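[1] kindly generate the corresponding structure for this input.
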Amino acid sequence: MPADPDPHVEGFLALLAARRAPRTVEAYRRDLAQLATFLGHSPSEATTEDLERYLAELRAAGRAPATIARCIAATRAFFRHQQLLSAREDNPAADLDLPRRRRKLPRTLSPGEAERLIEAAAGTQPRDLRDRALIELLYGAGLRVSEAVSLDKGGISLDDRLVRCIGKGDKERIVPIGRQAVEALRRYLARGRPHLDRRHRPELFLNAQGGPLTRAGAFLILRKRAAKAGLEPTRVHPHLLRHSFATHLLEGGADLRSVQEMLGHADLSTTELYTHVSDRRRRELYYQAHPHARRRDSQQNGDSHTQPRTLGSRRRLSDGESGTG
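    Reported below is the predicted structural model:
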């Protein structure tokens, strides 16, 4: 790749930055830089054959389908930009075949596990109050971790039980929060945050030094509290709470469009993925709880007798701790 910045690429990225999130812009920058390294010249001169050879090399290197799909998206967007500027008449990336991507169902916490995680942050110390407020907000409003740590104090209306956040593409959305989240935030703001706020910062969540809490800090908090709750620490992360928020809302009867708006999804198909999680959990709960389902499973295993479910098992099931996670 030439030592000097490619003016074609830089112009495209500058325009992209006005419409897309910074992380997307940086990802496209990396993709186009890697393509330029492969080509030995500016991507603006690439042909369809060049791009096909590049994608073949990515596949041979074992790159994930999602990574290859993003590379194709970056090159297509770049050449559409070139066409708009009349720098090219064709889009050599237009007919590239997207790899088949298997969409994985997001993992979730069961309601019982979510409650255990929240209770693991019980305490009266400033950091305990902060951690509980953070977990309640991530689970109670389905915020992305970047949205939560960038919240200012003014982004929360405790009286109206609303949180105003800035999501992807600098889009603002307003999400309702429950009473428990409101109470956790109220306690943190009254008795926790004043002890952490040594630098008079505007951010809602602060670290032990008085600076703004970072994404990495939020990850560490969840892992620490997960270990205390008896959950697998490496399994618990901020986005897991977002997945759980959406799944539990749908299982509780919320309509898909409302959940889409609360999550800030641009495409309804992204939100629809959570309905499959709900379907899977309902199916598993049925097999665990329904007498006919249990009898069928026992017969398949060569056992003609079905053991009755104990009261304790029923209680755990009602708490949601037998659900998938």
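
[2] contacts only, for Ala208.
    127, 196 (C-beta atoms under 8 Å, 6 or more residues apart in numbering). Where you see a C-beta, it was placed from the backbone N, CA and C, and this is true even at glycine.

[3] is it true that it lies in a helix?
    No. Ala208: not assigned to a helix; according to DSSP: H, G, I helix; E, B strand; the rest coil it is coil.

[4] what about the residue nearest to Gln209 when sequence neighbours are not counted, helix or strand, and which?
    Nearest non-adjacent residue to Gln209, counting by C-beta to C-beta, 6 or more residues apart in numbering: Arg198, 7.4 Å away. Taking DSSP states H and E as the definition, Arg198 sits outside all helices and strands.

[5] dihedrals phi and psi, Arg198?
    For Arg198, the backbone dihedrals are phi -90, psi -20 (criterion: degrees, to the nearest 10).

[6] number of residues surrounding it?
    The tally of other residues near Arg198 (other C-beta atoms under 10 Å) stands at 12.

[7] for Leu84, same thing?
    So Leu84, with other C-beta under 10 Å, has 11 neighbours.

[8] same thing with Gln125?
    Neighbour number of Gln125 under other C-beta under 10 Å is 11.

[9] how near is it to Ile166?
    Computed as C-beta to C-beta, to the nearest Å, the Gln125 to Ile166 distance reads 30 Å.

[10] what do you get for Leu32?
    Taking C-beta to C-beta, one finds Leu32 at 27 Å from Ile166.

[11] these two: who's more crowded?
    Leu32 (25 against 15).

[12] who's in contact with the closest residue to Ser150 other than its chain neighbours?
    The spatial neighbour of Ser150 that comes closest, neighbours along the chain excluded (C-beta to C-beta, 6+ apart), is Ile166 at 6.8 Å. Ile166 sits next to 147, 150, 172 when contact means C-beta under 8 Å, 6+ apart.

[13] for Arg215, state which of those is nearest.
    Distance ranking of the contacts of Ile166 against Arg215, using C-beta to C-beta, places Ser150 first at 9.6 Å.

[14] what sits against that closest one?
    For Ser150, the contact set (C-beta under 8 Å, 6+ apart) comprises 165-166, 203.

[15] how about Leu250?
    256, 259, 274-275, 278.

[16] measure it to Ile177 for me?
    18 Å.

[17] now swap in Glu284 and tell me
    29 Å.

[18] and what of Glu261?
    Taking C-beta to C-beta, one finds Glu261 at 15 Å from Ile177.

[19] who has more neighbours out of the two?
    Ile177 (22 against 13).

[20] hmm, the more buried one is touching Arg161, no?
    Yes. Here Ile177 reaches Arg161: they are 5.4 Å apart, a contact under C-beta atoms under 8 Å.

[21] so where does the residue nearest the centre of the chain fall, helix or strand?
    Nearest to the mean C-alpha position of the chain, counting by C-alpha atoms, centre = their mean, stands His239 at 4.0 Å. Element membership for His239, per DSSP H and E: helix 238-251.

[22] what does Leu273 give?
    helix 268-289.

[23] same deal with Ile221?
    helix 215-228.

[24] outside of that helix, which residues touch it?
    Contacts for helix 215-228 (C-beta under 8 Å, 6+ apart): 117, 120-121, 131, 134-135, 138, 145-146, 148-149, 205, 207, 232-238, 241.

[25] mind listing the helices for the stretch 101-250 of the chain?
    111-119, 126-141, 145-149, 179-187, 193-196, 215-228, 238-251 (DSSP state H, counting those that start in this stretch).
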